[in-house]
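1. 3D, please:
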Amino acid sequence: MSQRRVLVVTNMYPTDDAPERGAFVRTQVRGLEEAGVETRVLFLDGRREKSVYWTGRRRVADASRELRPDFVYAFYGLTGWACLPQAAPIVLTLAGDDILGTPSGAGITLKSRVGILLSQWAALRSAVVCVQSEEMRARLWTRALRARARVIPYGVDDKRFTPGDRGVARRRLGIANGRKLVIFPSTPAEPRKRLDLARAAVDVARASVPDTDFRIVTGVDHDAMADYYRAADCTLLTSDWEGSPNVVKESLLCGTPVVTTDVGDVRRWIPLTRSSAIVERTPESLGAALVRVLGDARREDPRPFIDAFSVNAVTKAVLFLADAATSEQR
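-> Prediction:
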């Protein structure tokens, strides 16, 4: 059998000025390469110019003709739309706001409504559609599309994100021992991440656990993130919405408990833990959960999660679905 070829098209990929952005895509590319797949990445950076999705249609078509991939692996709905004018089957992975929308003061923004329309269009035309949660699948517009969509989370590198010695991690990061550490590994400028709520929750926890430190972790190279999880006593997620928050999965693989709001697919993972918690989106509920977790010295057991969302498991699932879809089209 000849080597499979895959064109990866994404609007998120690590850069020098944003080393953490799209790190999960790079992880999935590495998974494909480790599985013996020849990959080429086409990065459509839509952060500054939304027209890149229109001009990218020609770039994707040209790259597809040159590589002749077995399938095009598209990350994000608008990216999938840019992949439509080419012949190869499309495996589309939807992220979250491309289907759920971006909240505003009154519903969701007009820009995200357009993005949802184009994402749904791309999903209808794709051979395989992957979503991050049942909530996302329920938002797909047609019954047939909902029936064939698969809930497959982004893969996490279980060789990189592993338990380790907390003291060693803290020394590497220059973090003092002897205090409780809560980390917030999210982009603080994004309103939906709710940094205000995270700070309020930590203030509540400090009333009972005064030696609690709070650290925002952002702009860090993804390869260095494992030490932050190992150094922490707890990872805090306070988002209004998510698709499949990688910070939760990375934290659990490192053995660090999580306190989170009920977003994305966290209900798939948190019930499998020893001490992590899903709580109401209030400072009091989050703060009380932090107090419980910080008072419990147990670390999480990562073994239940390796077969669920390790990059190897996700790669196998995606390749199986892509092969099946390609066979049906022949």
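2. can you give me the strands in the stretch 151-300 of the chain?
-> Here the stretch 151-300 of the chain has its strands, by DSSP state E, counting those that start in this stretch, at 180-184, 212-216, 234-237, 258-260, 277-278.
3. Adding mean neighbour count, distance to Y13 and mean pLDDT, write those out as CSV.
-> (Glycine included, C-beta is placed from N, CA and C.) Shown next, in CSV, are the strands of the stretch 151-300 of the chain (neighbours: other C-beta atoms under 10 Å; distance: least, C-beta to C-beta, whole Å; pLDDT from 0 to 100):
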stretch, mean neighbour count, distance to Y13, mean pLDDT
strand 180-184, 23, 24, 97
strand 212-216, 17, 23, 97
strand 234-237, 26, 23, 98
strand 258-260, 28, 26, 98
strand 277-278, 18, 31, 98
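4. so which of the ones you listed gets nearest L44?
-> Between L44 and the strands of the stretch 151-300 of the chain, the tightest spacing by C-beta to C-beta is seen for strand 234-237, at 28.0 Å.
5. CA-only coordinates of that closest one, as PDB, when you get a sec.
-> C-alpha atoms of strand 234-237 as PDB (Å, rounded to 0.1, in the frame of the first residue of the first chain):
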ATOM      1  CA  CYS A 234      -5.300  22.900  40.500                       C
ATOM      2  CA  THR A 235      -6.200  24.100  37.000                       C
ATOM      3  CA  LEU A 236      -9.100  26.500  36.800                       C
ATOM      4  CA  LEU A 237     -11.400  26.900  33.800                       C
END
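6. And the contacts of that strand?
-> 180-186, 198, 201-202, 229, 245, 247-248, 251, 256-261, 263, 266, 286, 290, 293-294 (C-beta atoms under 8 Å, 6 or more residues apart in numbering).
7. rewinding a little: mind putting the strands of the stretch 151-300 of the chain in JSON lines, distance to G167 included?
-> Formatted as JSON lines, these follow (distance: least, C-beta to C-beta, whole Å):
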{"stretch": "strand 180-184", "distance to G167": "12"}
{"stretch": "strand 212-216", "distance to G167": "15"}
{"stretch": "strand 234-237", "distance to G167": "17"}
{"stretch": "strand 258-260", "distance to G167": "21"}
{"stretch": "strand 277-278", "distance to G167": "25"}
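8. And the ones you listed: which comes nearest L7?
-> Nearest to L7, of all the strands of the stretch 151-300 of the chain, is strand 234-237, at 32.7 Å by C-beta to C-beta.
9. quick one: that closest one to chain centroid distance?
-> 15 Å (C-alpha atoms, centre = their mean, to the nearest Å).
10. now swap in stretch 43-63 and tell me
-> 22 Å.
11. now it: mean pLDDT?
-> Mean per-residue pLDDT for stretch 43-63: 91.
12. now do the same end-to-end measure for that stretch.
-> From its first residue to its last, stretch 43-63 covers 12 Å (C-alpha to C-alpha, to the nearest Å).
13. Check what contacts that stretch and list those residues.
-> 7, 9-11, 13, 15, 40, 42, 72, 78-79, 81-86, 118.
14. Take those and keep only those in strands.
-> Applying DSSP state E to these, the entries found in strands are 7, 9-10, 40, 42, 72.
15. Can you say which of the contacts of stretch 43-63 are buried?
-> The neighbour-count test (16 or more other C-beta atoms under 10 Å) marks 7, 9-11, 13, 42, 72, 78-79, 81-84, 86, 118 as buried among the contacts of stretch 43-63.
16. ok, of those residues, which one's closest to R139?
-> L118 (14.5 Å).
17. excluding its backbone neighbours, what's nearest that closest one?
-> Computed as C-beta to C-beta, 6 or more residues apart in numbering, the closest residue to L118 that is not its neighbour in sequence is W81, at 4.3 Å.
18. mind checking pLDDT for the one you found?
-> Here the pLDDT value assigned to W81 is 97.
19. try R330
-> If you check R330, the pLDDT there is 56.
20. so how many other residues sit close to the nearest residue to A277 once chain neighbours are set aside?
-> Nearest residue to A277, sequence neighbours excluded (C-beta to C-beta, 6+ apart): A289, at 4.3 Å. For A289, the neighbour count with other C-beta atoms under 10 Å is 25.
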